[in-house]
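Q: Would you be able to build a 3D model of this:
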Amino acid sequence: MTIRTIANRQKATDSRPMAQKLRLIAPEDIRPNPENPRLVFRQEEMESLMLSIDKHGVQVPITVYEHEGAYYLLDGERRWRCVSKLNHKFIPAIIQEKPSELDNLVLMYNIHALREQWDYYTIASKLQRIIDLFRLNNDYEPNEIELSELTGLTRGAIRRCQLLLGLPERFKKMLLEELEKPKSQQRLSEDFFIEMEKSLRAVVRRVPEYAERIDEIRDVLISKFENNLISAVTDFRQLSKIGTGLDTLDVARGATINVLDRVFDANQQVGIREAYTETVEFEYVEKRVTKYAFDLDRFVLGVIEDDRRQELDTYLVERLEHLYNTLSNLLGK
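A: As a prediction, this is how the structure comes out:
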């Protein structure tokens, strides 16, 4: 089945008259969807929704399909769980035809892409299954663009999911335990693991020797983050720059690897920011300044050639004069 076929089928389903599909169903006659990617239902979010339903009722019907005398959820598991806990006798539901496994997954991904954003780990948990089913139906694996069209996910989201899929099981378990907590209490978040994995890939690509002990390095980085030696998730972007700097900047490879060894050593009190400053920060700043200097030179020459000096803003003139005096002192002129 092609992506276009799946999309057209969904449009046809959505165009049916609402009155023909809407029913009141007893919550006990409904089963959770066996293919639902969602893994986490946070308590605080459920309590908030339960209060709303208790006061106003279910404002948006759930969506189900019928199979062997029972109804299975396609959309609305949180609403169904809340109604069950509140002991409501019925819940409004839209009944659709039983989908194939691939249609089932694609439908849920697209529903949530348009409404609330699932956790990336939730998305990742079934993404590989979608890829496998697509390959089974089409005899080839979907590329990133096709997978984006199929699921409604951005290509960036797909890449983040694939980073999480590549984690060893014990780190996935660690992440899942963290996701059970309220968002405000999550420290080893999805963003943490995603940024860490991107940075480690950048480093290992340039220093393959680290691949042999990558899990040990992950443990060290997690420990340093928990102990604030790595002070922010965004520090990992500086680790990526250290890795890419080995290719793009004039930095000493031996000295850079020596500093990375200290970052990846549990017994060394060295964080990423310190390593960045010791290795590539000056070179990156120098690279930026070179570009700015070229742009400034081109701007000044344009002003002179076009004789537009009188049009310059007074503040800009003052800053240029200050820069000129500073550079004269620096260059000993």
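Q: Flag the helix or strand of the chain with the lowest per-element mean pLDDT.
A: Within the chain, no helix or strand scores below helix 3-14, which has a mean of 44 by mean pLDDT, DSSP states H and E.
Q: residues of the helix or strand following it that come out buried?
A: Next in sequence after helix 3-14, counting helices and strands by DSSP states H and E, comes strand 22-25. The neighbour-count criterion (16 or more other Cβ atoms under 10 Å) identifies Ile25 as the buried residues of strand 22-25. (C-beta placed from N, C-alpha, C; glycine too.)
Q: what does strand 22-25 contact?
A: Pro61, Val64, Tyr71, Phe90, Ile91, Pro92, Ala93, Ile94, Ile95 (Cβ atoms under 8 Å, 6 or more residues apart in numbering).
Q: closest to Leu320 among those residues?
A: Pro61 (65.6 Å; Cβ to Cβ).
Q: re the thing from before, closest to Glu44 among the contacts of strand 22-25?
A: Ile91 (22.3 Å).
Q: contacting residues for the closest residue to that closest one other than its chain neighbours?
A: Spatially, and ignoring its direct neighbours in sequence, Ile91 is nearest to Val83 (4.7 Å; Cβ to Cβ, 6 or more residues apart in numbering). Contacts for Val83 (Cβ under 8 Å, 6+ apart) come out as Pro27, Ile53, Val58, Ile91.
Q: ok, for the first one, nearest residue in space, not its chain neighbours?
A: Sequence neighbours aside, Ser84 is the residue nearest to Pro27 in space, at 4.5 Å (criterion: Cβ to Cβ, 6+ apart).
Q: State the helix or strand in which that neighbour lies.
A: Per DSSP H and E, Ser84 falls inside helix 77-85.
Q: Tell me which residues of that helix come out buried.
A: Taking 16+ other Cβ under 10 Å as the criterion, helix 77-85 shows Glu77, Arg78, Arg79, Trp80, Arg81, Cys82, Val83 as buried.
Q: okay, and for this structure, where does confidence drop off?
A: 1-20, 36-40, 111-118, 333 (pLDDT under 70).
Q: Output the contacts of strand 22-25 as a markdown table; include the columns neighbour count, secondary structure and distance to Gly156.
A: Shown next, in a markdown table, are the contacts of strand 22-25 (neighbours: other Cβ atoms under 10 Å; DSSP: H, G, I helix; E, B strand; the rest coil; distance: Cβ to Cβ, whole Å):
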| residue | neighbour count | secondary structure | distance to Gly156 |
| --- | --- | --- | --- |
| Pro61 | 20 | coil | 32 |
| Val64 | 27 | strand | 32 |
| Tyr71 | 22 | strand | 36 |
| Phe90 | 13 | coil | 41 |
| Ile91 | 25 | strand | 36 |
| Pro92 | 17 | strand | 36 |
| Ala93 | 26 | strand | 34 |
| Ile94 | 20 | strand | 32 |
| Ile95 | 16 | strand | 35 |
